[in-house]
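Q: coordinates only, sequence not included:
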């Protein structure tokens, strides 16, 4: 099974090297990385080209942001399955894609766990996001899988379509809700860390952004799940984030001894 990894980038010279190294180091042999660059003004493209890897394809042109770049990837990928790895994130270890491929042998969609780290040098854990199992009412209970661990077969991507660009910070939430809650795909949870997410991006830049994101997620649930003006998930999403922080603190404790 060939797995396509889409990496959206823009002025990512400081981080994309680690992203590519983590991709090239994957033990799963049948893979491609499609770097969709938004016409970076720094040396991002030179960093990518320096690897000279046949598994990597690059397009670079102006875009309307990260979700627009992801949509381009959805239309250009060549694999049997697809997922996304941001240009400042990495795979957690070299067997991540192999685990994804194994899961997709019997499932249409797979996802796993995510470590949110301060940087990729120290890998200092900030938040620990454990995906947990999906059920029919998961989204109504404030649940969502970690997007950097979300992989789907080509048929799923073709049916679900594009990311909705009207969502500024949470088009990934809306996409996964449409994929999982509006269809009857076979979904598998992989209870292992798939990716390391570097904190500091648009989705982790403060509580004001978090509130805006929650309001966007509520709009998606109202549109697709007939949620009321305010639903339980609006509050439960805050609670889940606090739990992730507390879990990360408990996981850090043994390391400091």
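A: That came in fine, so what should we check first? From a predicted model like this one, the values you see are computed outputs, not experimental measurements. Numbers count the residues shown, from 1 in each chain.
Q: Give the burial count for residue 55, as a bare number.
A: Using other CB atoms under 10 Å, residue 55 has 16 neighbouring residues. (C-beta placed from N, C-alpha, C; glycine too.)
Q: Pull the distance from stretch 149-166 to the chain's centre.
A: Relative to its chain's centre, stretch 149-166 lies at 12 Å (CA atoms, centre = their mean, to the nearest Å).
Q: just stretch 51-62 next, same as before
A: On CA atoms, centre = their mean, the centre of stretch 51-62 falls 20 Å from that of its chain.
Q: average pLDDT across it?
A: Averaged across stretch 51-62, the pLDDT comes to 98.
Q: ok, residues contacting it?
A: 20, 23-24, 31-40, 45, 48-49, 72, 76 (CB atoms under 8 Å, 6 or more residues apart in numbering).
Q: So which of those residues belong to helices?
A: Counted as lying in helices by DSSP state H, out of these, are 20, 23, 24, 45, 48, 49, 72, 76.
Q: so where's the protein shaky on pLDDT?
A: 201-206, 242-257 (pLDDT under 70).
Q: doesn't residue 189 fall inside a strand?
A: Yes: counting by DSSP: H, G, I helix; E, B strand; the rest coil, residue 189 is part of a strand.
Q: Does it touch residue 130 like I think?
A: No: counting by CB atoms under 8 Å, residue 189 sits too far from residue 130 to count as a contact (9.5 Å).
Q: between the two, who's got more neighbours?
A: Legend: neighbour count by other CB under 10 Å for residue 189 and residue 130, higher for residue 189 (19 against 15).
Q: how many neighbours does the nearest residue to the more buried one once chain neighbours are set aside have?
A: Ranked by CB to CB, 6 or more residues apart in numbering and with sequence neighbours excluded, the top spatial neighbour of residue 189 is residue 133, at 5.0 Å. Number of residues near residue 133 (other CB under 10 Å) recorded here: 11.
Q: The nearest residue to residue 185 once chain neighbours are set aside: how many residues sit nearby?
A: Counting by CB to CB, 6+ apart, residue 185 lies nearest to residue 108, which is 3.9 Å off, once chain neighbours are set aside. Under the neighbour criterion other CB under 10 Å, residue 108 is assigned a count of 19.
Q: Now do the contacts for the residue most central in space within the chain.
A: Closest residue to the average C-alpha location of the chain: residue 148 at 2.0 Å, with CA atoms, centre = their mean. Going by CB under 8 Å, 6+ apart, residue 148 touches 83, 84, 85, 86, 89, 114, 194, 195, 197.
Q: now, which of these lie within helices?
A: Among the contacts of residue 148, no member falls in helices (DSSP H).
Q: mind checking how far residue 118 is from residue 196?
A: When CB to CB, to the nearest Å is the yardstick, residue 118 and residue 196 sit 10 Å from each other.
Q: Which one's more surrounded, those two?
A: residue 196 (22 against 13).
Q: Residue 127 and residue 51: what is the separation?
A: Distance of residue 127 to residue 51, given as CB to CB: 30 Å.
Q: Counting neighbours, go ahead and name the busier of those two.
A: Neighbour count, other CB under 10 Å: between residue 127 and residue 51, residue 127 has more, with 20 against 16.
Q: State the helix or strand in which the more buried one lies.
A: Residue 127 belongs to strand 125-129 when assigned by DSSP states H and E.
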